[in-house]
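1. Got a predicted structure here, sequence first:
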There are 2 protein chains.
Amino acid sequence: MHPLRKHIEELIALTDEEFDMVLSYFEPIQKRKHQYIVQEGDLVDKEYWILDGCLKSYLVDDDGKEHILQFGMENWWITDYESFIKHTPSKISIDCIEDSELLFITFENREKLTAQMHKMERFWAKKSKFGRIALQNRILSLLKNSAKERYDVLLEQYPQLFQRVPKKLIAAYLGVSRETLSRLQS
Amino acid sequence: MHPLRKHIEELIALTDEEFDMVLSYFEPIQKRKHQYIVQEGDLVDKEYWILDGCLKSYLVDDDGKEHILQFGMENWWITDYESFIKHTPSKISIDCIEDSELLFITFENREKLTAQMHKMERFWAKKSKFGRIALQNRILSLLKNSAKERYDVLLEQYPQLFQRVPKKLIAAYLGVSRETLSRLQS
DNA sequence: ACATTCATCACAGATTTGGTGTGATGTTTG
DNA sequence: CAAACATCACACCAAATCTGTGATGAATGT
């Protein structure tokens, strides 16, 4: 089964015809390590689903420091949702940590697809709810937990991440310096 | 003197006021290595002048191979002229080989500036003529010269390039494989 | 006032990536 | 068929990045 189908069917069931229809609205794209899919200032009109690879979405502050909003790996969705939904210039950048294979759907096609297929509207609605919950938990974790606790939670939830991405990126995600992260590990 | 002024004054003379006027139509922008300024499919409405850094404009073919149309370094102009002038989607991509500082002018502002300042219209007209000559010579060189000869010409014209950019990019510019280029060097 | 928790700076060593040359072999073309 | 190249495979080197750790200092809560 197509991995995207498997992914979607975790939330809603699809017939073969329905999935073919869904897939027809997506386009594949390959990007190599270091390549960007979104740069600060862009108007983002695509949402990406990661077939293979690893990306990061991040904001660069006035001191030039990166703050990572999200990592993206296989079966995850990634884009700048603010720009995608509000049609405003992006504040964030997204680039590839590894060579990546993506499927993207444009805003327009997503509108068409949801109009045409109520199931997919439900899919995205559900996904959006789960996404909201995850973001809330991240906020609470940043407020409530110490760096060490945040480190432990991340390690438990996504152990693969620690094998795949440099520690300084983990640090930029957890909101600590890379030196502190290094010391947390011991 | 501002490097852009120096550059323009190689073709036409400007008063202080005139140059201030010209400069007011440009905006500065910084990009880091690997960042793009033009992606395939974009509608390009900006022309860039390179204050510092190094870029490449290139086309990716169906096999994923890069063919380099132009390198850009200090005091050069770069954009996808086809998209810029015809307002069609770009076939090429442009990205930074090094961290770069650029000044850009939008198509609209360029129109305004040339309407307002005949001198600048003359400047761009001259530049365009020289550009055309360079392109013609490149075509002739690709038709007429062997790889070795093209290599020698490039080395003589732009020796700096060989210090700054990886040989595989030179190869993609000359239209040979990097192995062949390597063997030409001996 | 002091302990805790972190950032920042500096450095050194390990690891990875990218760049480069070169041999072997295959393909195209005049 | 010879010349001029591409392609694949490999090995080596240099440069960049990653990583841990000590020293120092600032902010914060108790």
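-> Everything's here; your move.
2. Would you mind listing what in chain A touches chain B?
-> A:30, A:34-36, A:39, A:95 (Cβ under 8 Å from any Cβ of the partner chain). All C-beta spots, glycine's among them, are computed from the backbone N, C-alpha and C.
3. Show me how chain A divides into domains.
-> Domain assignment of chain A by automatic domain parsing yields the ranges A:3-143, A:145-186.
4. Which residue ranges of chain A form strands?
-> With DSSP state E, the ranges of strands along chain A come out as A:27-31, A:36-38, A:46-52, A:55-60, A:66-72, A:77-78, A:93-96, A:100-106.
5. Find out how far the fourth one is from the centre of the chain, if you would.
-> Spelled out, it's strand A:55-60. 10 Å (Cα atoms, centre = their mean, to the nearest Å).
6. Specify the angle between that strand and strand A:66-72 in degrees.
-> Inter-element angle recorded for strand A:55-60 and strand A:66-72: 160 degrees (by axes from the mean of the first three to the mean of the last three Cα atoms, to 10 degrees).
7. Quick one: work out the angle between strand A:55-60 and strand A:27-31.
-> If you take the same axes, to 10 degrees, strand A:55-60 sits at 70 degrees to strand A:27-31.
8. now chain A, which segments are flagged as low pLDDT?
-> Chain A contains no residues with pLDDT under 70.
9. if you set the cut-off to 90 instead, what comes out?
-> By pLDDT under 90, the weakly predicted segments of chain A are A:63, A:185-186.
10. what separates the residue positioned nearest the centre of chain A from chain B, distance-wise?
-> Against the mean C-alpha coordinate of chain A, by Cα atoms, centre = their mean, the closest residue is A:Ile78 at 3.3 Å. Distance from A:Ile78 to chain B, counting by Cβ to the nearest Cβ, to the nearest Å: 17 Å.
11. what about A:Asp153, neighbour count?
-> Careful, residue A:153 is Val and not Asp. A:Val153: 15 surrounding residues under other Cβ atoms under 10 Å in any protein chain shown.
12. Apologies, that question was intended for A:Val60.
-> 14.
13. What sits closest to it if chain neighbours are left out?
-> A:Glu66 (5.7 Å; Cβ to Cβ, 6 or more residues apart in numbering or on different chains).
14. Hmm, A:Tyr58 and that neighbour touching each other?
-> Yes: the pair A:Glu66 and A:Tyr58 passes the contact test of Cβ atoms under 8 Å, sitting 4.7 Å apart.
15. Let's have the strands of chain A in a markdown table, adding distance to B:Ile8.
-> Shown next, in a markdown table, are these (distance: least, Cβ to Cβ, whole Å):
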| stretch | distance to B:Ile8 |
| --- | --- |
| strand A:27-31 | 38 |
| strand A:36-38 | 32 |
| strand A:46-52 | 39 |
| strand A:55-60 | 32 |
| strand A:66-72 | 37 |
| strand A:77-78 | 43 |
| strand A:93-96 | 33 |
| strand A:100-106 | 41 |
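16. I'd like those strands laid out as JSON lines, including distance to DNA strand C.
-> Formatted as JSON lines, those follow (distance: least, Cβ to the nearest atom of the strand, whole Å):
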{"stretch": "strand A:27-31", "distance to DNA strand C": "13"}
{"stretch": "strand A:36-38", "distance to DNA strand C": "14"}
{"stretch": "strand A:46-52", "distance to DNA strand C": "16"}
{"stretch": "strand A:55-60", "distance to DNA strand C": "14"}
{"stretch": "strand A:66-72", "distance to DNA strand C": "11"}
{"stretch": "strand A:77-78", "distance to DNA strand C": "21"}
{"stretch": "strand A:93-96", "distance to DNA strand C": "10"}
{"stretch": "strand A:100-106", "distance to DNA strand C": "13"}
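17. for those, which one sits closest to B:Glu108?
-> strand A:36-38 (24.8 Å; Cβ to Cβ).
18. Give me the sheet partners of that closest one and which way each runs.
-> strand A:93-96 (antiparallel) (DSSP bridges).
19. And the residue of chain A closest to chain B?
-> A:His34 (4.3 Å; Cβ to the nearest Cβ).
20. Just give the nearest non-adjacent residue to that residue, would you?
-> A:His34 sits nearest to B:His34 (Cβ to Cβ, 6+ apart), 4.3 Å away.
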